[in-house]
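Undergrad: make a model of this:
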Amino acid sequence: MTNCVCGGKYYAYGGTGIKILICYKCGKFNCKVKGNNDQLTAIFINEPELVLELIKIKYLQPIL
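TA: As a prediction, the model looks like this:
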């Protein structure tokens with residue numbers, strides 16, 4: 001895990017072609033996607049609860 005600028009830690013989750021780092025302290029996240037990263041990042045910015053839903057349904061799994 002890496003550190004966030006707020007002093008919290010990023011937690012990594014991954015799925016098919018997606019890797020997301022989330023800081024649960026301040027809510028910042030970093031998204032890396034194969035293909036069009038800007039479009040998916042914009043979706044996550046407008047609907048951040050989607051990231052949590054993808055974790056809940058286990059599409060995104062914790063990366064150790």
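Undergrad: helices and strands of this protein: which one has the lowest mean pLDDT?
TA: Of all helical and strand segments in the chain, the minimum by mean pLDDT, DSSP states H and E falls on helix 37-46, at a mean of 81.
Undergrad: pull the CA atoms of that one into CSV?
TA: Output of helix 37-46 as CSV, limited to C-alpha atoms (Å, rounded to 0.1, in the frame of the first residue of the first chain):
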residue,chain,number,x,y,z
ASN,A,37,-9.0,5.7,-18.7
ASP,A,38,-10.5,9.2,-18.9
GLN,A,39,-14.0,8.0,-19.7
LEU,A,40,-14.2,5.5,-16.8
THR,A,41,-12.5,7.9,-14.4
ALA,A,42,-15.2,10.5,-15.3
ILE,A,43,-17.9,7.9,-14.5
PHE,A,44,-16.4,7.1,-11.1
ILE,A,45,-16.0,10.9,-10.3
ASN,A,46,-19.7,11.5,-11.1
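Undergrad: give me the buried positions along the next helix or strand after that helix.
TA: Per DSSP states H and E, the first helix or strand lying C-terminal to helix 37-46 is helix 49-56. The neighbour-count check on helix 49-56 (16 or more other Cβ atoms under 10 Å) flags 51, 54-55 as buried. C-beta coordinates here come from the backbone N, C-alpha and C atoms, glycine included.
Undergrad: for Pro62, grab phi and psi.
TA: Phi and psi for Pro62, reported as degrees, to the nearest 10, are phi -60, psi 140.
Undergrad: please consider this matter closed, and thank you.
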